[in-house]
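Colleague: Model the structure of this input:
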Amino acid sequence: MAIPEEVIAEVRARTDLVALVGAHTALRRQGRRFVGRCPFHEERTPSFSVNAEAGLYYCFGCHASGDAISFVRATEGCDFVEAVRRLAAKAGVVLPEDRDEQGNRGPARAALLDALTQAVAFYHQRLLEGPDAGPARAYLRSRGYDGTVVRRYQLGWAPDEFDALARALRVPDEVFVGAGLGFVNRRGRQQDGLRARVVFPILDPSGQPIALGGRVLPGAPGPKYKNSPEGPLYKKRRTLYGLSWAKQAVVARGRVVVCEGYTDVIGCQLAGVEEAVATCGTALAEEHLRLLANFAKRIVLCFDADRAGQAGAARVYQWERTHQVDVAVAELPQGADPAELARADPEALRRAVEEARPLLRVQVDRVLGAFDLREPEGRAKAAEAALAVVAEHPDPLVQDQYLVAVADRCRLDPEQLRPLLARLPRGPRTEGPRPGEARVPRGRDGRPVGGRPGTFG
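Modeller: Numbers count the residues shown, from 1 in each chain. Modelled structure (predicted):
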């Protein structure tokens, strides 16, 4: 949607840039300007300057510059229109999209956001004080979540009542449904979308609630997780759980750690991996990569390599080139997930993240480890299977380096392998082995089995 220039100008004029920047770094007045440490790079001497009168900022160290809109884009990883929307909501400016065809204000984003904010507060208070939330509190304590953790992540409890939230909020149907809080049943009554679940608020990068995730207690019926439906505020492929809490650590460390679930993120952050985020019930998508590239250029996938690219390894490699990022894999002990490892051995989790290796290297390692490299037949089959994985990478120079290393591991002449690699199709792999490709034996968990584990390179 194109926002009229006069509306954009009003948003800029009504935004307090000093307050906006001050939420990210401490500022002090120096003459007619405000100065502080740059929020975009590490520094000891303040070099970041804000001109409140002109509505502009500039860093004399990294040369970052712009206005309120560009600051939101840089710190929250959103596009121009979304940055204007967020600033408009804070400044009380009504955008054209928030009006109906007659020019009257409809169920605006501000109304949806306010309803979600109230819902988060309702569920959070219910968890803290509700007698019916006792089992939920006991479950969270068993996971190592004390009151501090519950309050930090605004966790909540959805009571086992069909309209508890609806009765508490009393908002119009279009707001209740538009915010993803529930639906209107056949009797024309609002019905809550979450019941008898621990609630995880899903926030945008600025910390504003845009959706809810619910987890059943152990042993309870129904799907383990249930998220708000997609709507005006919430798009799964553009949302990462935990980014609002993680973004400062992401910028400071130059990397982001991507997990699969809410508890993985909380566990990682409590264990010192504060740059952890998670996809919201969907596979890693290019929209996620595009968002993350605004914050860091190193992306560590903190789940096993077989699921590291549910969208396909070849696509991940292409995303690396398109968005100029490096994707690596943190290798966890077999059968462990980040949340469990964070509690049992936080040092092992931190080490796995620090020692994360390129996705292709991890995949080739696992293929080679599935064969017995002591015998000529095993080495030949291993080389064929490994080259099929190498062929998915789009860079010929990378392919050739891995080919040489595979040849070395399999005790083969690289010149014998180059014609084989040249004949293999490029791009995403299809189901089943290609011609001349050995099928890698796998166990019930999908991991390669058999032979001795090998280390590539």
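Colleague: For Arg255, see how far away the nearest residue to Val251 once chain neighbours are set aside is.
Modeller: Excluding the flanking residues, the one nearest Val251 by Cβ to Cβ, 6 or more residues apart in numbering is Phe295, at 6.0 Å. Using the backbone N, CA and C atoms, a C-beta is placed for each residue, glycine as well. According to Cβ to Cβ, to the nearest Å, Phe295 stands 9 Å off from Arg255.
Colleague: Repeat that for Arg152.
Modeller: Counting by Cβ to Cβ, the gap from Arg152 to Arg255 is 22 Å.
Colleague: For the two, indicate the residue with more neighbours.
Modeller: Arg255 (23 against 13; other Cβ atoms under 10 Å).
Colleague: what's that one in contact with, if anything?
Modeller: Going by Cβ atoms under 8 Å, 6 or more residues apart in numbering, Arg255 touches 275, 296-300.
Colleague: Need phi/psi at Gln191.
Modeller: phi -130, psi 130 (degrees, to the nearest 10).
Colleague: I'd guessed it sits against Phe183; true?
Modeller: Yes. Using Cβ atoms under 8 Å, Gln191 makes contact with Phe183 at a distance of 5.7 Å.
Colleague: so where is the stretch 251-400 of the chain shaky, pLDDT-wise?
Modeller: Residues of the stretch 251-400 of the chain meeting the criterion pLDDT under 70: 304-312.
Colleague: for it, what spans make up the helices?
Modeller: Per DSSP state H, counting those that start in this stretch, the stretch 251-400 of the chain carries helices over the ranges 262-270, 286-292, 313-323, 338-344, 346-354, 359-368, 376-390, 396-409.
Colleague: quick revisit: quick one: neighbours of the residue nearest to Val251, just the number.
Modeller: Counted with other Cβ under 10 Å, Phe295 comes out at 25.
Colleague: just checking, it touches Arg73?
Modeller: No. Counting by Cβ under 8 Å, Phe295 stays clear of Arg73, with 11.3 Å between them.
Colleague: re the thing from before, a markdown table for the helices of the stretch 251-400 of the chain, including mean neighbour count and distance to Ala91?
Modeller: Formatted as a markdown table, the helices of the stretch 251-400 of the chain follow (neighbours: other Cβ atoms under 10 Å; distance: least, Cβ to Cβ, whole Å):
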| stretch | mean neighbour count | distance to Ala91 |
| --- | --- | --- |
| helix 262-270 | 25 | 31 |
| helix 286-292 | 20 | 24 |
| helix 313-323 | 19 | 31 |
| helix 338-344 | 21 | 38 |
| helix 346-354 | 17 | 39 |
| helix 359-368 | 23 | 43 |
| helix 376-390 | 21 | 52 |
| helix 396-409 | 17 | 48 |
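Colleague: can those go into TSV with extra columns for distance to Leu112?
Modeller: Output for the helices of the stretch 251-400 of the chain, formatted as TSV (distance: least, Cβ to Cβ, whole Å):
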stretch	distance to Leu112
helix 262-270	22
helix 286-292	21
helix 313-323	30
helix 338-344	31
helix 346-354	36
helix 359-368	38
helix 376-390	45
helix 396-409	45
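Colleague: Skipping its backbone neighbours, what lies nearest Tyr402 in space?
Modeller: Spatial nearest neighbour of Tyr402, chain neighbours left out: Val390 (4.6 Å); criterion: Cβ to Cβ, 6+ apart.
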